[in-house]
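[1] generate a structure from the sequence data that follows.
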Amino acid sequence: MIRMRLLWFTVGFASTSGAIAQFVFKDLYTDRNSISSQLKEKFNSLDTRVSNLESAITNQPISPQQYMTSLQKPFQRLLRVWKLGMPLVRV
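    Alright, predicted model coming up:
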């Protein structure tokens, strides 16, 4: 009688463990595929943006003077404030 109970317990435990393992591995496999597809999508969009930027740069050559002017624009306010001796942070 004890052997029969042990046998049924072993069969039940093994089948439950198998079912749980199947669900866990299926979930892990789904997550792995999801992450890889998201990475592919993001790299494809990044590649598209980079190629668009490269084509825009090659299509519109600019002179060195225009390049220096475009670099100076963000710093014009900072230079103005510094020349006037005003604090950089508003109180």
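[2] just the helices from the chain, written as ranges.
    For the chain, the helices defined by DSSP state H cover 2-59, 64-72, 76-84.
[3] for Asn33, grab the count of nearby residues.
    10 (other Cβ atoms under 10 Å). C-beta coordinates here come from the backbone N, C-alpha and C atoms, glycine included.
[4] returning to what we had before: okay if I get the helices of the chain as TSV plus mean pLDDT?
    Formatted as TSV, these follow (pLDDT from 0 to 100):
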stretch	mean pLDDT
helix 2-59	88
helix 64-72	70
helix 76-84	66
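[5] for Pro64, list the residues it contacts.
    Pro64 makes contact with no residue under the criterion Cβ atoms under 8 Å, 6 or more residues apart in numbering.
[6] what about it, distance to Ser70?
    11 Å (Cβ to Cβ, to the nearest Å).
[7] give the buried residues for stretch 31-51.
    Using 16 or more other Cβ atoms under 10 Å as the test for burial, stretch 31-51 gives no buried residues.
[8] where's it relative to the chain centroid, distance-wise?
    9 Å (Cα atoms, centre = their mean, to the nearest Å).
[9] equivalent analysis for stretch 41-61, please.
    Centre-to-centre, stretch 41-61 and its host chain are 18 Å apart (Cα atoms, centre = their mean).
[10] can you list contacts of that stretch?
    So stretch 41-61 is contacted by nothing (Cβ under 8 Å, 6+ apart).
[11] using PDB, write out every CA atom in it.
    Presented in PDB, the C-alpha positions along stretch 41-61 are these (Å, rounded to 0.1, in the frame of the first residue of the first chain):
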ATOM      1  CA  GLU A  41      13.200  47.100 -35.000                       C
ATOM      2  CA  LYS A  42      15.200  49.700 -33.100                       C
ATOM      3  CA  PHE A  43      18.400  49.100 -35.000                       C
ATOM      4  CA  ASN A  44      16.500  49.300 -38.300                       C
ATOM      5  CA  SER A  45      15.100  52.600 -37.400                       C
ATOM      6  CA  LEU A  46      18.500  53.800 -36.200                       C
ATOM      7  CA  ASP A  47      20.100  52.700 -39.500                       C
ATOM      8  CA  THR A  48      17.400  54.500 -41.400                       C
ATOM      9  CA  ARG A  49      17.900  57.700 -39.500                       C
ATOM     10  CA  VAL A  50      21.700  57.500 -39.900                       C
ATOM     11  CA  SER A  51      21.400  56.900 -43.600                       C
ATOM     12  CA  ASN A  52      19.000  59.900 -43.900                       C
ATOM     13  CA  LEU A  53      21.500  62.100 -42.100                       C
ATOM     14  CA  GLU A  54      24.400  60.900 -44.200                       C
ATOM     15  CA  SER A  55      22.400  61.600 -47.400                       C
ATOM     16  CA  ALA A  56      21.400  65.100 -46.100                       C
ATOM     17  CA  ILE A  57      25.000  65.900 -45.300                       C
ATOM     18  CA  THR A  58      26.300  64.800 -48.700                       C
ATOM     19  CA  ASN A  59      23.600  66.600 -50.600                       C
ATOM     20  CA  GLN A  60      24.100  70.000 -48.900                       C
ATOM     21  CA  PRO A  61      27.800  70.900 -48.700                       C
END
